Structure formats: structure tokens, C-alpha cells
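Enquirer: Pasting the sequence and the predicted coordinates here, then a few questions.
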Amino acid sequence: MLLAERTLGYLVEKRRTSLVRKAVVWASVGTVLSAATLIGEAMAKANDFDKRQMELSHYADGVHWHISLCLDPSQEATNYTQLDERAAWFYEATATSQGMVIKTPGVGSVHLGTYKDKDGDRLDGATI
């Protein structure tokens, strides 16, 4: 066998091995990204369905309704960016504006949500 043929065979095998390694790495990255997607969605659900600042979402005594949008439309607070609040809202909806959080009666709109029945049990869709 000529040196050129051996060299070419070596390079082809090396390239094939490299492609297999890259495929394994990309499969691993895909697995990690898929897992991260599931974890991120679970975190957004947790932030949304059980807001950490529930006192800001209080609507009325004796009911389980809450105000869904509990953040400044700029999504900036005095000492932090409202990342969890943003994730909670954008799990439910797609936009925000000043009119959605204004407290003046007759101006803007307020979005209410509930995830519990009249007894305070979580809604699970099992019964109607």
C-alpha cells in the first residue's frame, strides 16, 4: 500500500472518529438542554402558581382569586431585576403595560387568576 493511501485511510478514520465523538457530545448537549427546558418550565410554573410575594397579588378576602401581574412593567425594582416575577407572568401571558397594574378604578385593566378551588385545594382538572 502506498504511503498516500495509508495516509488517506488514516485521515478518513480519524475524521470518522471525530464525527462520532462530536455526535456523542451534541447528543449529550441535546439531553442537557432538554432537561434544562423541563426544569425551566417547572420553575416558571412554581413562580406563577404560587407567587413568592402573594401579598402583592391579594385581590379580596375570602376568595382564592389573585392579581396575576405582580411586577412593574419595566420589570425593574429598586435593588433587583424582577426575573422570577417576569417568568411567572410570561408563563401566563405575553405582554405587559402600565395599564395592567394601575390601581385607579375605571382605568386600565386587572388580570385575575386562580389555581385553587373554594376549599383552597389546587385545581388539577380531574373534576368539573
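Expert: It's in. Note that the structure is predicted; figures quoted are calculated from it, not measured.
Enquirer: for the residue nearest to His111 when sequence neighbours are not counted, what are its contacts?
Expert: Nearest non-adjacent residue to His111, counting by C-beta to C-beta, 6 or more residues apart in numbering: Ser68, 4.3 Å away. Where C-beta positions appear, they are placed from N, C-alpha and C, glycine not excepted. Ser68 sits next to Ser57, Trp89, Glu92, Ala93, His111, Leu112, Gly113 when contact means C-beta atoms under 8 Å, 6 or more residues apart in numbering.
Enquirer: mind listing which of those are in strands?
Expert: Among these, DSSP state E puts Leu112, Gly113 in strands.
Enquirer: Just the buried residues of the contacts of Ser68.
Expert: Buried members of those, scored by 16 or more other C-beta atoms under 10 Å, are Ser57, Trp89, Gly113.
Enquirer: ok, the first one to Val110 distance?
Expert: Ser57 sits 11 Å away from Val110 when distances are taken as C-beta to C-beta, to the nearest Å.
Enquirer: Now for these two: what residues contact both?
Expert: Ile67.
Enquirer: same question for stretch 77-91, mean pLDDT?
Expert: For stretch 77-91, the mean pLDDT works out to 80.
Enquirer: list the buried ones in it?
Expert: Gln82, Asp84, Glu85, Ala87, Ala88, Trp89.
Enquirer: Restrict it to CA atoms and write it as CSV.
Expert: What follows is stretch 77-91 as a C-alpha-only set of coordinates in CSV (Å, rounded to 0.1, in the frame of the first residue of the first chain):
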residue,chain,number,x,y,z
ALA,A,77,-37.3,47.0,41.2
THR,A,78,-35.2,49.2,43.5
ASN,A,79,-32.4,46.7,44.1
TYR,A,80,-33.0,43.9,41.6
THR,A,81,-34.5,42.9,38.2
GLN,A,82,-37.8,41.1,38.6
LEU,A,83,-36.7,37.9,36.8
ASP,A,84,-38.9,35.5,38.8
GLU,A,85,-41.9,37.8,38.5
ARG,A,86,-41.3,38.2,34.8
ALA,A,87,-41.1,34.4,34.3
ALA,A,88,-44.3,33.9,36.3
TRP,A,89,-46.2,36.5,34.2
PHE,A,90,-44.9,35.4,30.8
TYR,A,91,-45.8,31.8,31.6
